[in-house]
Every structure is written in C-alpha cells, then in structure tokens.
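Undergrad: Using only what follows, build the 3D model:
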Amino acid sequence: MSNDYPVALPGAAHETLMWAWEHEIEPQAVQQIRRVADLPWVHGIRVMPDVHLGSGATIGTVIAAEQAISPSAVGVDIGCGVNAVKTNFKREDIEDDLPKLRSLIEAAVPVGFNAHERSLNNKDLPGHGWHGFWSDFKDLDSSVSRLESRAQKQMGTLGGGNHFIELCTDSEGYIWITLHSGSRNIGKELAERHIAIAKKLPQNADLPDRELAVFLKDTPEMEAYRRDLSWAQEYAMRSRSVMMSLVRNVLRDKYEDKIKFEDEINCHHNYVAEEEIDGVEMLVTRKGAIRAGAGDLALIPGSMATGSYIVRGLGNMDSYQSASHGAGRKMSRSAAKRQFTVEDVERTMEGIESRKDAGVIDEISLAYKDIHAVIEAQEDLVDVVEHLQTILCVKG
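TA: Sure, this is the predicted structure:
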C-alpha cells in the first residue's frame, strides 16, 4: 500500500492506531482520543480517517473492551447508518423528472422533525417479525413507555442534520438510491437515559471525563443497556429499510415495472457488536465507523455535493475490521453558518436537484473533509467498488 497508515498515537495508555496523522486532527479531538485510551477497561482503540470531535468519544473511533461499554462512546443516535440500492435505470431515464421526483420523495418520507400521520401498516413493511419487534417495546426502560406511538410514527422517517436521501449515478451511469438515518427520537431518549445512569455508578466516580462513564459486564445496568441498545439498533436498521421501500414505491409508481432494484446494502455506523479481537471475545463499539470485514459491502457517504463510495471490506484486523463512516466534519455547524452563505450552497450544489437555502448551510460540502482523501487513506481497509455522483439530494 502507498500510504503509511496506521500510525500509533504516542503516549496513549492503551494501543491506539490511527488512519490519520496527529497534526491533521483538531487538538480537542486528540485529547478526547487520549481520554478514551486512559480508561482502564479499554483493550485498544482504532481511529478512522474521518475522525473529528464528538460528545465523550470522537466520531470515527472504534473501541475494543472485554468488560465495558461507554454509552456516550456509542452516541445518542443509536444504530445510525446507511442504505444503498442499485437500479437498472440510467441518468437519461430520469433526468427530466428530477424536480418532480424530489417532491414525490419528500411527500413519501417525512423529514426533519416530521413524522407519518399514523404508524405504517405492518403487513406492507419490508422485513419480518413486526409484531414481535413492537411487542418488545414494553421491555424497554420505563422512562420511554409514553413514546411508543411516537416511535411507531417516526419509523421510516429521515430526521435532519447530516441525514439524507439521494439519487446518484455510478461509473456506468446507473442510478443508485442512497440514504442515511438513525433511530430518531426513541434512540436519543434511550441513550440519554442510560448515559445519566452510567454517570452515577461508583466505578465512574473518579473519571476525568464523566461523559466516558461505562457500564460493566454482568451487572444489571449493563444488561438493561444492552437490551435497549439492541432494540434501538434494530429500529434504526428497519427504519432505513422502510424508507428505502417508500422511495422504491415512488419510482415504481412513476416508471411502473420498467424499473428494477438490486439487493439492499444496509449497515450501521453507531453501534456495539461482540467480535473476536486478538483471540478474545470483545465488546466492539463503533462510533462513526463501519464494519469492514472481508467481503462486507458498505456505503461511505461524502457530503451533499461530493457523492458517496460503495466499498468492499478487506477484513484488516489492524483496524478491528473497521473503516470510516463518511467524510467527517472539519468545521462545526455553528462555524459553517458563520462562514458560508446561501450563495456558497448554490455554487457548490450546482447541477444537483436539492434544497439550496439557509437551512442547509451547516451541511455545505465545504464544512466536510475531502471524501476522496478519506477513502485513499484507508486503501488497506476497503476496496472501492463504485464512486457515486449525487444528482438529487433530499435533506431535513
């Protein structure tokens, strides 16, 4: 490989390998990485090239620990991730319809704080076991019992921020549907509840950063968190599949049986999994990172104007079989709003059917790292299958 990664973070308390140079990472984020490495329960940390400051732990971080999970290191958007589906249509098949298609998608999939007026009919949803899935809601933390109706109505909704639905073209001109979303309000409520519980536990009393409070294995608190975490991860994955189904329905209604769809790629990038690391069963937390096991297909999105990459994992154990979740921000939302204007959005989004107003300034591509450089930095972690170019973008 032509790059020099990974590089070790000097002085880290536990092995910390990075697919970025320390001087390229903002100092606050480096300190955040070091604080995670200081936790006595950590086995090792892997830092992806899209790394940037987060809450508790940096986004773009993989943490392996045998006995502990930090709920802040998972994040509040539990199960956030991406979907992608290839179609048999090409750009010329839909070029003239892009404005209409955006309106139809926005009508089918609620965005921002909006939700469906009523929960979707389970028999019409993709996947299986919907009755069992919703019946498990009663076992979640009692603090969210009042939110079941809201969670049902938010199933299959996009949210805001960096979440999106896009139509893209690949190197041969074929159209792909891509989308990015998470566990909506129910995931946030569950995460915040457990973070608050963790901060009060005795093992976390002397931590320099209470945001890194952990649950320990074989405790009631850990068992309760794992139960709620697993449910929220499934909620997020199902929600992405529902949205993908709604978008496919828009295209079927428009183009009837002429349009066909390949299998769906669906992967988390804020989650916990049990995996073998260095011969030991570990709890692996990926915050803003994807699993890149050998042959795993995934989507790594850039920003509104730069498209996305379909990649295949190489199973590199040096990274705990992980890769970046996207381009990663290089500028905070507030800084982007201060620095850029609607005119900058219009200029960077020229030729893409999308919103181009003040509400998306903080999502401008100039606030993100160069996705092409991020992909190049992890050439030992993933193979590029396709670079997708955005032609339509729906944002909350």
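Undergrad: which residues touch Ser145?
TA: Taking Cβ atoms under 8 Å, 6 or more residues apart in numbering, we find Ser145 in contact with Lys138. Yep, even glycine has a C-beta here, placed from its N, CA and C like the rest.
Undergrad: Correct me if wrong, but it is in a helix.
TA: Yes. Looking at Ser145 with DSSP: H, G, I helix; E, B strand; the rest coil, it is inside a helix.
Undergrad: And the pLDDT at it?
TA: Here the pLDDT value assigned to Ser145 is 95.
Undergrad: Also Ser2?
TA: In this prediction, Ser2 carries a pLDDT score of 52.
Undergrad: So in this protein, which helix runs the longest?
TA: Ranked by number of residues, the top helix in the chain under DSSP state H is helix 220-255.
Undergrad: Give the buried residues for that helix.
TA: Residues 221-222, 224-226, 228-229, 231-248, 250-251 are the ones in helix 220-255 that count as buried (16 or more other Cβ atoms under 10 Å).
Undergrad: Could you do stretch 36-56 as well?
TA: Applying a neighbour-count criterion of 16+ other Cβ under 10 Å, one finds 36-37, 39, 41-54, 56 buried in stretch 36-56.
Undergrad: Now for Val242: which residues touch it?
TA: Counted by Cβ under 8 Å, 6+ apart, Val242 has contacts 120, 125-126, 155-156.
Undergrad: beta partners for the residue nearest the centre of the chain?
TA: By Cα atoms, centre = their mean, the chain has its centre lying nearest to Gly81, at 3.4 Å. With DSSP bridges as the criterion, Gly81 is bridged to Ser181, His268.
Undergrad: Quick check: it touching Ser183?
TA: No. Counting by Cβ atoms under 8 Å, Gly81 does not reach Ser183; the two are 9.6 Å apart.
Undergrad: Enumerate every residue touching Leu201.
TA: By Cβ under 8 Å, 6+ apart, the contact set of Leu201 is 213-215, 221.
Undergrad: and it, backbone torsions?
TA: Leu201 adopts backbone torsions of phi -80, psi 150, taken as degrees, to the nearest 10.
Undergrad: And it, how far from Leu140?
TA: 20 Å (Cβ to Cβ, to the nearest Å).
Undergrad: do Ala65 as well
TA: From Ala65 to Leu140 the distance is 24 Å (Cβ to Cβ).
Undergrad: How about Met48?
TA: 30 Å.
Undergrad: Same check on Ala213?
TA: In terms of Cβ to Cβ, Ala213 sits 20 Å off from Leu140.
Undergrad: Compare the two (neighbour count), which wins?
TA: Ala213 (25 against 21; other Cβ atoms under 10 Å).
Undergrad: Poorly predicted segments of the stretch 51-200 of the chain, please.
TA: For the stretch 51-200 of the chain, no stretch has pLDDT under 70.
Undergrad: Show me where it has its strands.
TA: Secondary structure of the stretch 51-200 of the chain (DSSP state E, counting those that start in this stretch): strands at 59-65, 68-69, 81-90, 164-169, 174-181.
Undergrad: now for the third one, which elements pack on it?
TA: For strand 81-90, the contact count by 3 or more Cβ pairs under 8 Å, 6 or more residues apart in numbering; DSSP states H and E identifies strand 174-181, helix 220-255, strand 265-268, strand 297-301 as packing neighbours.
Undergrad: circling back to that earlier point, any shared contact partners between Gly81 and Ser183?
TA: In contact with both Gly81 and Ser183: Ala236, using Cβ under 8 Å, 6+ apart.
Undergrad: Which residue ranges make up each domain of this structure?
TA: 7-330+368-395, 331-367 (automatic domain parsing).
Undergrad: Tell me which of those domains sits most buried.
TA: Of those, the one with the most neighbours on average (mean count of other Cβ atoms under 10 Å) is domain 7-330+368-395, at a mean of 19.
Undergrad: what distance separates the start and the end of that domain?
TA: Terminal residues of domain 7-330+368-395 lie 36 Å apart, using Cα to Cα, to the nearest Å.
Undergrad: Quick one: distance of it to the chain centre.
TA: 2 Å (Cα atoms, centre = their mean, to the nearest Å).
Undergrad: where do the helices sit along the protein?
TA: Using DSSP H, helices in the chain cover 27-38, 71-74, 91-94, 98-108, 130-135, 148-154, 184-199, 220-255, 333-339, 342-348, 371-377.
Undergrad: same for the last one, what does it pack against?
TA: Okay, so that is helix 371-377. Packed next to helix 371-377, using 3+ Cβ pairs under 8 Å, 6+ apart, are strand 42-52, strand 297-301, strand 308-313.
Undergrad: mind running it again at 10 Å?
TA: Helix 371-377 makes packing contacts with strand 42-52, strand 297-301, strand 308-313, strand 322-324, strand 382-395 when contacts are defined by 3 or more Cβ pairs under 10 Å, 6 or more residues apart in numbering; DSSP states H and E.
Undergrad: Can you tell me what sits against it?
TA: With contact meaning Cβ atoms under 10 Å, 6 or more residues apart in numbering, helix 371-377 is reached by 2-6, 18-21, 24, 48-51, 60, 300-303, 305-309, 311, 323-328, 365, 368-370, 381-382, 384, 387.
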